[in-house]
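Colleague: could you work out the structure for the sequence below:
(chains A and B, ligands or ions: 1)
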Amino acid sequence: MSLAPAQFAQLNRLIDLQLEVFPEHRGFLTKRFADSDAAHLDFCEQLSGNVFKIAGSDIRRIVEDYRWLSDMVLEEELFFRREGRYRLSKFSDALEQVYANTPFMAKYMNGLLASQLWWRNHTEVLRYFRDGFLPGNRQGFTHLEVGPGHGLFLGLAAAAPNGASAEGWDISAASLENTRAALSAMGASAGIALKEVNIFTAPEGQFDSITFSEVLEHLEEPLAALKILRGLLKPGGRIFVNAPVNSPAPDHLYLFRTPEEVRDMVAAAGFEIVDTLYAPPSGAGLDKARRQELSISAAVIAKKSS
Amino acid sequence: MSTIDKVTDIMRDLFEDYSGPITPAIAAKDVPDWDSLAHVKLMVQVERAFGIRFEAREVSQPQNVGELVALIDQKLAAKG
Ligand SMILES: C[S@@+](CC[C@H](N)C(=O)[O-])C[C@H]1O[C@@H](n2cnc3c(N)ncnc32)[C@H](O)[C@@H]1O
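Modeller: Model prediction:
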């Protein structure tokens, strides 16, 4: 039986492919889609279309890599719940074990691509980015994403009708390769410069809009990175910051325990907070997610005052 | 307090929306919040409550409450 109503054909096809390689995930995905309204499902259907485009004939690999990612996250979860902290704390270790490890990084970004659909909080943040952030940018905005990874955020920014140009910076050549392939599959690659850049040694630049999604928790000094990003923003420019709370992963270094800690750090970097979305995971409301210390995505829209 | 009573307390806290019975036959499929991530949390809380430590393969071993209780009792016995 399909987990989503029949009119969401691509979504159902992708769910079926995922369950073929990960039958144990049926309960989780059933719960994931059980209480979704039509607008949410509609977004999932579009997202599925993008995932199919990006994957091309490799769709099986994407769903297999998602399974691999889920197993990896469970191991990190065990460490996290036992020790109350993330396993790694040094950027140099994450660089060596993850960002510079090409096969690992490619699988990781593939798995994360699928998670944009299967993890409700990821889907909600992406939708918030498209509907709550991009339309508020000025006409003809210039855009930068730091850490674009699977490329879905950058693809959406490049497709925004009010956008003029977009760039992506990432410390990992392997990750940029995923971004490049994804943008070209989405038909969004024209004129998007992708550069190998560590945010702490970033070149000069001035943008109207910046995305910094799921990078903050990868840093030893997240506040310093936010201050650098503020310098890269034009007065009046806007930033979209997204970071997960209580969310262990092999390259997560900085532990945020509440969504407010993310928001307060953005404010401490000198930004004016415009709006926030705190998205709980599948099967929980925000209150329960806080009580049970579950992973919550904290998305913050902020502005550099002019 | 028996092992199953202590396990029941932990499960009531963790699976707060579940008000059904907790008996040896109850398995993850019976409890909506008992997914693989929550299972890890459950096992770590059990470790803490009983002062035991599971091997990596033991963490995913129990298929229902009864098997979990048996595993705990076995670890407690081995600890002496
Ligand atoms: C988890 S991915 C995020 C993908 C996507 N933005 C999302 O939200 O799903 C994190 C990305 O940040 C990059 N990254 C980590 N540290 C960085 C740094 N210091 N400078 C630039 N990029 C960095 C990683 O290489 C990786 O591609």
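
Colleague: now do the same contact list for whatever residue of chain B ends up closest to chain A.
Modeller: Residue nearest to chain A within chain B (Cβ to the nearest Cβ): B:Val44, separated by 4.0 Å. All C-beta atoms are positioned from the backbone trio N, CA, C, and that covers glycine. Contact analysis of B:Val44 by Cβ atoms under 8 Å, 6 or more residues apart in numbering or on different chains lists A:78, A:81-82.

Colleague: taking those one by one, which sit in helices?
Modeller: Judged by DSSP state H, these include A:78, A:81-82 as members of helices.

Colleague: quick check: of the residues you listed, which lies closest to B:Asp5?
Modeller: The closest of the ones in helices among the contacts of B:Val44 to B:Asp5 turns out to be A:Arg81 (Cβ to Cβ; 22.4 Å).

Colleague: which ones are touching the closest one?
Modeller: A:Arg81 touches B:40-41, B:44, counting by Cβ under 8 Å, 6+ apart.

Colleague: below-threshold pLDDT in the stretch 1-150 of chain A: ranges please.
Modeller: In the predicted model, the stretch 1-150 of chain A carries pLDDT under 70 at residues A:1.

Colleague: which bits of it sit near chain B?
Modeller: Contacts of the stretch 1-150 of chain A with chain B, taken as Cβ under 8 Å from any Cβ of the partner chain, map to A:24, A:27-28, A:31, A:70, A:73-74, A:77-78, A:81-82.

Colleague: so which strand or helix has the residue in chain B that the ligand sits nearest to?
Modeller: At 18.0 Å from the ligand, B:Leu37 is the closest residue in chain B, using Cβ to the nearest ligand atom. Using DSSP states H and E, B:Leu37 sits within helix B:36-50.

Colleague: quick check: buried residues in that helix?
Modeller: By neighbour count on 16 or more other Cβ atoms under 10 Å in any protein chain shown, the buried set for helix B:36-50 is B:36-47, B:50.

Colleague: alpha carbons of it, as CSV, please.
Modeller: Below are the C-alpha coordinates for helix B:36-50, written out as CSV (Å, rounded to 0.1, in the frame of the first residue of the first chain):
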residue,chain,number,x,y,z
SER,B,36,15.6,2.7,15.9
LEU,B,37,16.7,6.1,17.2
ALA,B,38,14.5,5.9,20.3
HIS,B,39,15.7,2.3,20.8
VAL,B,40,19.2,3.6,21.3
LYS,B,41,18.0,6.1,23.9
LEU,B,42,16.1,3.3,25.6
MET,B,43,19.1,1.1,25.8
VAL,B,44,21.3,3.9,27.2
GLN,B,45,18.8,4.7,29.8
VAL,B,46,18.6,1.0,30.7
GLU,B,47,22.4,0.9,31.0
ARG,B,48,22.3,3.8,33.4
ALA,B,49,19.4,2.5,35.5
PHE,B,50,20.9,-0.9,35.9
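
Colleague: and the next element down the chain from that helix?
Modeller: helix B:56-59.

Colleague: check which helices and strands whatever helix or strand comes next after that following helix sits against.
Modeller: Beyond helix B:56-59 on the C-terminal side, the first helix or strand identified by DSSP H and E is helix B:65-79. Applying 3 or more Cβ pairs under 8 Å, 6 or more residues apart in numbering or on different chains; DSSP states H and E, we find helix B:65-79 packed against helix B:3-14, helix B:36-50.

Colleague: export those to CSV and append columns for distance to A:Gly283 and mean pLDDT.
Modeller: Formatted as CSV, those follow (distance: least, Cβ to Cβ, whole Å; pLDDT from 0 to 100):
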stretch, distance to A:Gly283, mean pLDDT
helix B:3-14, 13, 98
helix B:36-50, 9, 97
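
Colleague: can I get these in JSON lines including distance to A:Ile54?
Modeller: Below are the helices and strands packed on helix B:65-79 laid out as JSON lines (distance: least, Cβ to Cβ, whole Å):
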{"stretch": "helix B:3-14", "distance to A:Ile54": "37"}
{"stretch": "helix B:36-50", "distance to A:Ile54": "26"}
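
Colleague: so which of these gets nearest A:Asp16?
Modeller: Among these, helix B:36-50 comes nearest to A:Asp16, with 20.3 Å by Cβ to Cβ.

Colleague: so that closest one versus helix B:65-79, what angle?
Modeller: Taking axes from the mean of the first three to the mean of the last three Cα atoms, to 10 degrees, helix B:36-50 and helix B:65-79 form an angle of 40 degrees between their directions.

Colleague: between helix B:36-50 and helix B:3-14, how many degrees?
Modeller: 130 degrees.

Colleague: work out the gap between helix B:36-50 and the centre of the chain.
Modeller: 7 Å (Cα atoms, centre = their mean, to the nearest Å).

Colleague: ok, so what distance separates A:Gly231 from A:Ile199?
Modeller: As judged by Cβ to Cβ, to the nearest Å, A:Gly231 and A:Ile199 stand 11 Å apart.

Colleague: between those two, tell me which one has more neighbours.
Modeller: When A:Gly231 and A:Ile199 are compared for neighbours, A:Ile199 comes out ahead with 20 against 13, by other Cβ atoms under 10 Å in any protein chain shown.

Colleague: contacting residues for the closest residue in space to A:Glu124 that isn't next to it in sequence?
Modeller: Excluding the flanking residues, the one nearest A:Glu124 by Cβ to Cβ, 6 or more residues apart in numbering or on different chains is A:Ala279, at 4.1 Å. A:Ala279 makes contact with A:120-121, A:124-125, A:128, A:296-297, A:299 under the criterion Cβ under 8 Å, 6+ apart.

Colleague: quick one: the most centrally placed residue in chain B from A:Glu293, how far?
Modeller: Residue closest to the mean C-alpha point of chain B, counted by Cα atoms, centre = their mean, is B:Leu68 at 5.1 Å. Distance from B:Leu68 to A:Glu293, counting by Cβ to Cβ: 21 Å.

Colleague: residues touching A:Glu220, list them.
Modeller: Contacts of A:Glu220 (Cβ under 8 Å, 6+ apart): A:89-91, A:253-254.

Colleague: from these, list the buried ones, please.
Modeller: Buried among the contacts of A:Glu220 (16+ other Cβ under 10 Å): A:91, A:253-254.
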